[in-house]
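**Q** Here is my input, please return the structure:
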Amino acid sequence: MSLFPYLVAAWLFCIGLYGVVTSRNFIHLVMCLAVVQSSTYVLLLTIGYRIGGMPPVFAGVPVGTPAVDPVVQALMLTDIVVEATVVALLLSLAVQVHKGTGTLNPDHLRELQG
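**A** Predicted coordinates:
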């Protein structure tokens, strides 16, 4: 197995994390968080990949034929749904913040009064 996909996943994670840490805009922050989450796609694809692997459908396939792991495929689909939900929720919160304050810069927000 090659080390390259693991390095790509780590690179995507680091680039996204750098963007999250240095972001001065809520929309940019959400997009960088999506990049961090997309690094898990690459990681899951790398873990579930098998050289010469067939789809995990065993009807009419000879015994001993390598197949990819269906659990990893299910985790991948779950990860996609979770990312879409998180991005939609965070973008809706950013819209509400902009409606209430007129800015998307976290430095310009005042402290909550309780």
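
**Q** give the contact list for the most centrally placed residue in the chain.
**A** By C-alpha atoms, centre = their mean, the chain has its centre lying nearest to residue 37, at 1.8 Å. Residues in contact with residue 37, defined by C-beta atoms under 8 Å, 6 or more residues apart in numbering, are 16, 79, 82-83, 86. All C-beta spots, glycine's among them, are computed from the backbone N, C-alpha and C.

**Q** Need the worst-confidence member of these.
**A** Of all the contacts of residue 37, residue 79 has the smallest pLDDT value, namely 90.

**Q** element containing residue 30, please.
**A** helix 26-48 (DSSP states H and E).

**Q** Which helix or strand lies directly C-terminal to that helix?
**A** helix 70-101.

**Q** Count the neighbours of the closest residue to residue 105 other than its chain neighbours for me.
**A** If the residues on either side of it in the chain are set aside, residue 105 comes closest to residue 24, at 5.6 Å by C-beta to C-beta, 6 or more residues apart in numbering. Residues near residue 24, counting by other C-beta atoms under 10 Å, number 11.

**Q** same deal with residue 100?
**A** 9.

**Q** just residue 101 next, same as before
**A** 12.

**Q** Was I right to think it contacts residue 94?
**A** No: counting by C-beta atoms under 8 Å, residue 101 does not reach residue 94; the two are 10.8 Å apart.

**Q** Against residue 60, how distant is the nearest residue to residue 35 once chain neighbours are set aside?
**A** Excluding the flanking residues, the one nearest residue 35 by C-beta to C-beta, 6+ apart is residue 16, at 3.4 Å. Counting by C-beta to C-beta, to the nearest Å, the separation of residue 16 from residue 60 is 42 Å.

**Q** what stretches of this protein score poorly on pLDDT?
**A** Scanning the chain with the threshold set as pLDDT under 70 gives 1, 112-114.

**Q** Now with 80, please.
**A** 1, 50, 52-58, 60-62, 64, 110-114 (pLDDT under 80).

**Q** what's near enough to touch the residue nearest to residue 105?
**A** Residue 24 touches 105-107, counting by C-beta under 8 Å, 6+ apart.

**Q** now do residue 66
**A** Counted by C-beta under 8 Å, 6+ apart, residue 66 has contacts 50-54.
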